[in-house]
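**Q** Got a predicted structure here, sequence first:
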Amino acid sequence: MGIIGLQHVLEEVAQDFAGRPNDEVTAELIRRLCKLNYIPENSQKDYGHAFLRELKKFSGQPYEKSNMEGLEIKVLGSGCPCCDDLEQDLMAVMTEMNLAADIEHVTDPAEIGNYEVTGTPALVINGVVKAVGSMPKKAQLRTLLSAAAANHQ
């Protein structure tokens, strides 16, 4: 999911809110994660469902599979400022375009190696490497995402 602080918040909420009703847990996940990420108010319900699903996966609880048929995007890189900026730019452009996507920031060198990229950050959309070793400008991200969304329908 490309959400800053997600792992840490999942760990805390799993411990602090164990056994509480889903609506309380979801509200707390949104409250904590909105402090670290821009989540548009009109999207918070959808994000809340996704965060709760991630918490349940994290905690080993049964969870509902996502029925979201959005794009699959991966940012490949060690977590340097350029990689983080690319991820934030992607989220901003996707919000502007009202696109749904599963964004994952891949930092594992072995997994990055599977894509045979020669530099980072790298951008992968629906399994296809789209940029390597540079930060695409927002206009280029819009073009790449538009094309991917059109091909995904």
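**A** Arrived safely, thanks for sending.
**Q** okay, the residue of the chain most remote from its centre: pLDDT?
**A** Distance from the C-alpha centroid of the chain peaks at G19, with 26.3 Å (CA atoms, centre = their mean). What the model reports as pLDDT for G19 is 90.
**Q** Show me how the protein divides into domains.
**A** 6-59, 71-152 (automatic domain parsing).
**Q** Between the two ends of the shortest one, what distance do you get?
**A** Yep, that's domain 6-59 we're talking about. Domain 6-59 has an end-to-end distance of 13 Å (CA to CA, to the nearest Å).
**Q** what do you get for stretch 25-44?
**A** Termini of stretch 25-44 sit 14 Å apart (CA to CA).
**Q** ok, now stretch 37-44?
**A** 11 Å.
**Q** Just the buried positions in the helix or strand of the chain with the lowest mean pLDDT, please.
**A** Least confident helix or strand of the chain, by mean pLDDT, DSSP states H and E, is strand 101-106 with a mean of 86. Using 16 or more other CB atoms under 10 Å as the test for burial, strand 101-106 gives A101, I103, E104, H105, V106. For the C-beta atoms, the positions are set from N, CA and C on the backbone; glycine is no exception.
**Q** For those residues, work out which two are farthest apart.
**A** A101 and V106 (14.6 Å; CB to CB).
**Q** if I look at R53, how far off is S146?
**A** 27 Å (CB to CB, to the nearest Å).
**Q** which one of these two has more residues nearby?
**A** For the pair R53 and S146, the greater number of neighbours falls to R53 (17 against 13), based on other CB atoms under 10 Å.
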